[in-house]
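In: Next comes the sequence, and after it the predicted model I'd like to discuss.
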Amino acid sequence: MKLNFRPKAAFASKKAVNYLADKNPDDISQIVIVRHAAIGDFMNIRPFLIGLKSFFPSAKITLSTINSYTYGIPNDLINEVHVIDRTVGDKKTSFFQRIKQIKQLPQADLLFDLTDSSLSLYTTIFSKPKLKIGYSYRSSRRFFYDISTLRSDFVLEADSVLHMLYMLGYSRHGDLEYGYGKLYPKKHAKQIVYFAGASMKNKCWSEDKFTTLIEQLSDQYPDYQHVILQGIRKDEQFLEIYSPISHKKNVKLQETMSLEGVMQFLANSHLLISNDTGIRNMAIATQTPTIGIFFDIAPFKYWPNEQKHDCVFNKNYQQPAMTDVLDSAVKMMEYLQ
């Protein structure tokens, strides 16, 4: 394999160049992926995993994650799951307990660190792979990897992780493939779905704004069901949003479903409106149009360059006005119809 980039575009050590010089993709038998992240981030690496399986057809793929992030693991695209316990019960595990678990990983021909955290760096070092590939997001980290590339906040995350494969000679043609077309075939329902949760409170748009938005859209689109999707956490029941508009016949509260149930529900939906959260990444992965409400971070890493996806975002990082999200929804409905 010949590295596929100019010297200033990424970094590769002499060890990496020499190791890959007499290798073909078929020679790679063991790959470890380090991804310590929540379900939305697992969605974002699905195109990478599909490309990985295609480019390295003989490789056994092990995904290393942590015990607080096992929901939504892409089991259909990997061979093994390796879990590091950050906690046992209510207690944090020690550094040495975590290193012991890291050392249980198989020695990989290639290790891809897709996380860029302290624990992922320890995993990269102590699992002793033959070749380490990661992000030089922080300049000091570059020296721990044999091959590294920059990670941009202005490139779609699902595309950004693919850069690691492009460096090795992989090429992709056509749209991003998430591999859900056969798993969750679309059965187009006239429903607009709303999700008001997020991993952190500072990513949650005001509940009263959600209520007003749903009320106005349910009036404007009476032939559609307007569904408030409940989450898996206790604070994701959204009764405060639903109660003031519960009298409306085309507004309903959807109880928590299984992961598979949510995926199919989203695949069937006409549009999802949500905060910056994993549910939106799930909808994107099922090719369902989305409107993302952003204000804690800029949206560019999570905004596909497609007309069926929009983001409402203020440059001053303040919560968008309800009317701004309403305008986006109306324009999207016009486009989709």
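Out: Yep, that arrived. Only a predicted model underlies this, so the values are computations on that prediction, with no experimental measurement involved.

In: From the recorded domain assignment, give the ranges for the chain.
Out: 10-166, 191-336 (automatic domain parsing).

In: Any chance of those domains in JSON lines with mean neighbour count, mean pLDDT and distance to Leu176 as columns?
Out: Just so you know, the C-beta spots here come from the backbone N, C-alpha and C atoms, and that holds for glycine as well. Output for the domains of the chain, formatted as JSON lines (neighbours: other CB atoms under 10 Å; pLDDT from 0 to 100; distance: least, CB to CB, whole Å):
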{"stretch": "domain 10-166", "mean neighbour count": "18", "mean pLDDT": "93", "distance to Leu176": "5"}
{"stretch": "domain 191-336", "mean neighbour count": "18", "mean pLDDT": "95", "distance to Leu176": "8"}
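
In: What segments of the protein are helices?
Out: Applying DSSP state H to the chain gives helices spanning 14-21, 39-44, 46-55, 95-102, 118-126, 157-166, 207-220, 239-242, 259-268, 278-285, 322-336.

In: mind checking which of the ones you listed is nearest Lys186?
Out: Closest of the helices of the chain to Lys186 is helix 259-268, at 5.3 Å (criterion: CB to CB).

In: coming back round to it: mind putting the helices of the chain into CSV with distance to Lys187?
Out: Listed next are the helices of the chain as CSV, based on distance: least, CB to CB, whole Å:
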stretch, distance to Lys187
helix 14-21, 46
helix 39-44, 21
helix 46-55, 21
helix 95-102, 42
helix 118-126, 39
helix 157-166, 25
helix 207-220, 22
helix 239-242, 25
helix 259-268, 5
helix 278-285, 15
helix 322-336, 16
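
In: Tell me which of the ones you listed sits nearest to Ala198.
Out: So among the helices of the chain, helix 278-285 is nearest, using CB to CB, at 8.6 Å.

In: What distance do you get for Ile31 to His173?
Out: Distance of Ile31 to His173, computed by CB to CB, to the nearest Å: 22 Å.

In: Next: Lys190.
Out: From Lys190 over to His173 the distance is 34 Å, taken as CB to CB.

In: cool, and Phe265?
Out: With CB to CB as the criterion, Phe265 and His173 are 31 Å apart.

In: of all the helices of the chain, which lies closest to Phe112?
Out: So among these, helix 157-166 is nearest, using CB to CB, at 5.7 Å.

In: and that closest one, how far out from the chain's middle?
Out: Here the centre of helix 157-166 is set off from its chain's centre by 13 Å, with CA atoms, centre = their mean, to the nearest Å.

In: helices or strands up against it?
Out: Applying 3 or more CB pairs under 8 Å, 6 or more residues apart in numbering; DSSP states H and E, we find helix 157-166 packed against helix 39-44, helix 46-55, strand 147-149.

In: Apply 10 Å and report the result again.
Out: Contact here means 3 or more CB pairs under 10 Å, 6 or more residues apart in numbering; DSSP states H and E; on that basis helix 157-166 packs against strand 10-12, helix 39-44, helix 46-55, strand 110-113, strand 132-135, strand 147-149, helix 278-285.

In: That one vs helix 278-285, what angle?
Out: 60 degrees (axes from the mean of the first three to the mean of the last three CA atoms, to 10 degrees).

In: Please shift the residue numbers so they start at 56 in all later answers.
Out: From this message on, residue numbering opens at 56, which makes the last subject helix 212-221.

In: and helix 212-221, C-alpha only, in CSV?
Out: What follows is helix 212-221, C-alpha atoms only, in CSV (Å, rounded to 0.1, in the frame of the first residue of the first chain):
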residue,chain,number,x,y,z
GLU,A,212,-17.9,14.2,10.7
ALA,A,213,-18.9,11.1,8.6
ASP,A,214,-16.6,12.4,5.8
SER,A,215,-13.8,13.4,8.2
VAL,A,216,-13.3,9.9,9.6
LEU,A,217,-13.1,8.6,6.0
HIS,A,218,-10.0,10.7,5.5
MET,A,219,-8.1,8.0,7.4
LEU,A,220,-9.0,5.5,4.8
TYR,A,221,-8.3,7.9,1.9
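
In: Quick check: Ser68 vs Gly106, distance?
Out: Applying CB to CB, the value for Ser68 to Gly106 is 23 Å.

In: I misspoke; the intended subject was Ala163.
Out: As judged by CB to CB, Ala163 and Gly106 stand 17 Å apart.

In: quick revisit: make a markdown table from the domains of the chain and add distance to Glu232 to it.
Out: Listed next are those as a markdown table, based on distance: least, CB to CB, whole Å:
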| stretch | distance to Glu232 |
| --- | --- |
| domain 65-221 | 5 |
| domain 246-391 | 10 |
